[in-house]
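> let's see this in three dimensions:
(one chain, ligands or ions: 1)
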Amino acid sequence: MTNITLTLGDITDQSVDAVVNAANSSLLGGGGVDGAIHRRGGPEILEECRALRAAQYGGGLPAGQAVATTAGRLPAGWVIHTVGPVWSDTEDRSATLASCYRESLRVADELGARTVAFPAISTGVYRWPLRDAARIALTTVRDTDTRTVTEARFVLFGQEAYDAFAEVWKGLQQAH
Ligand code: ADP
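Model prediction:
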């Protein structure tokens, strides 16, 4: 069973087997988590991303899917890149956001990763409301079976995100 933990901090500081990147579909870098990972991890990560674009992901990585690369100089074994959906007022894209977590865990399993750090996917530039994103993230990870992952660590950047995840998690546990 996967133990879910919440931490206030920077995902690039985490010593874990795999760090999940809230990438964009180009795989060629961006702001937020993506920018921090490439800055701190160094050029090796981008090189592998370019190679993925040249091979199976010529059109980019579709939202809801996940793919792994080296973690370069990060204190982690791998980076699992996943592309969150952009928040929409008119279309329910929750299934795509849930898929990001499920597919990342599937890739983690393939790698044999035991500890995995997740950011709050889609809650930055992609504007997903925090509490709703927290509900989708936490229920999806809780309900996804894995073979190797023993800890899924949500790394929340800022008190507001941490509090949203902590409250939603508390509510989910009380509901059980
Ligand atoms: P998206 O494009 O999926 O919205 P972002 O990277 O813009 O992704 O933001 C996702 C979440 O990650 C936001 O809540 C943002 O505050 C947070 N974040 C930004 N930098 C970091 C970091 N270094 N470590 C952990 N979380 C971060």
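> so which strand or helix has E167?
In this structure, E167 is located in helix 159-174 according to DSSP states H and E.
> and that helix, average pLDDT?
In this model, helix 159-174 has an average pLDDT of 97.
> show me the helices in this protein, by range?
Defined through DSSP state H, the helices belonging to the chain, from first to last, are 32-41, 43-54, 94-111, 130-143, 159-174.
> from the middle of its chain, how far away would the longest one be?
What that stands for is helix 94-111. Once both centres are worked out by CA atoms, centre = their mean, to the nearest Å, helix 94-111 turns out to sit 8 Å from its chain's centre.
> orientation of it relative to helix 130-143 in degrees?
Interaxial angle, helix 94-111 versus helix 130-143 (axes from the mean of the first three to the mean of the last three CA atoms, to 10 degrees): 40 degrees.
> now the second one
Using the same axes, to 10 degrees, the interaxial angle of helix 43-54 with respect to helix 130-143 works out to 80 degrees.
> export helix 43-54 as CSV, just CAs?
Taking C-alpha atoms only, helix 43-54 is exported to CSV below (Å, rounded to 0.1, in the frame of the first residue of the first chain):
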residue,chain,number,x,y,z
PRO,A,43,21.0,20.0,-19.2
GLU,A,44,20.9,16.2,-19.2
ILE,A,45,17.2,16.2,-18.5
LEU,A,46,16.5,18.4,-21.5
GLU,A,47,18.7,16.3,-23.7
GLU,A,48,16.6,13.2,-22.9
CYS,A,49,13.4,15.2,-23.4
ARG,A,50,14.6,16.3,-26.9
ALA,A,51,15.4,12.7,-27.7
LEU,A,52,11.8,11.7,-26.7
ARG,A,53,10.5,14.4,-29.0
ALA,A,54,12.6,13.1,-31.8
